[in-house]
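> Sequence first, then the predicted structure, then my questions.
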Amino acid sequence: MVSMAEIAAVLSAHPGVGRAEVAVVPHDGRDVTVAAVELMEYLSGPVLRNHVRRQLGEDCGLNGVLVVDRVPLAGGAVDVEELAAAVADGRCALFEDPRDDVERRVAEIWSAQMDVRPVGATDDFLELGGDSLSALGIIAAIEAEFDRPLDVYEFMSASSVRRLAEMLR
């Protein structure tokens, strides 16, 4: 397992990040590792999470990245309660592995079409850097893989692997 200091160092070294702090917070009965980052240019949490996972390995332990104006502090350290609240109310999406074969197949298509690894089940298409060209490539691959028509509105409405997989079941 990678240390929180190593995760913070990789994030801080990214040219678009001004400051990064990492903490372990409780969520749904388990501990998750979340980073809070101040940006110098626009980047999304999932893009930064994947950057860390590429640098330190898939098993680095980083579950999510919260983009903030200012890193929340309490007593000179990152405010764990504020990070936990951000996770609980959905402001910081956590990486989730696909739950079944349909989600895995959809995640693999997204990954291949967008050249993004890994793609989690709840990752947002636009936050991963998706654009109109990758959307069209994903739609064509989904139609071929699942032998089902899919229009752009359906795809964009789904916005995540999990929601798209629910439509395909």
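Here it is on my side, so go on.
> Next, the contact list for the closest residue to Arg49 other than its chain neighbours, please.
Among residues not flanking Arg49 along the chain, Val65 sits closest, at 4.8 Å (C-beta to C-beta, 6 or more residues apart in numbering). Any C-beta I mention is one placed from the backbone N, CA and C, and that applies to glycine too. Shown in contact with Val65 (C-beta atoms under 8 Å, 6 or more residues apart in numbering): 11, 34-37, 45-46, 48-49, 52, 92.
> Show me what the closest residue to Val78 other than its chain neighbours bridges to in the sheet.
Leaving out its chain neighbours, the residue that sits closest to Val78 by C-beta to C-beta, 6+ apart is Glu21, at 4.0 Å. With beta bridges defined as DSSP bridges, Glu21 has these partners: Ala36.
> Do I have it right that Glu21 meets Ala8?
Yes: with contact defined as C-beta atoms under 8 Å, Glu21 counts as touching Ala8 (6.2 Å).
> Could you pull up the residues touching the residue of the chain positioned farthest from its centre?
Most distant from the centre of the chain: Gly75, at 28.7 Å, with distances by C-alpha atoms, centre = their mean. Not one residue lies near Gly75 by C-beta under 8 Å, 6+ apart.
> What about Gly90, how many residues nearby?
Here the count is done by other C-beta atoms under 10 Å, and Gly90 has 9 residues near it.
> just Ala88 next, same as before
Ala88: 13 neighbours (other C-beta under 10 Å).
> count of neighbours near Leu133?
Residues near Leu133, counting by other C-beta under 10 Å, number 10.
> Would you mind measuring from it to Asp124?
Leu133 sits 17 Å away from Asp124, going by C-beta to C-beta, to the nearest Å.
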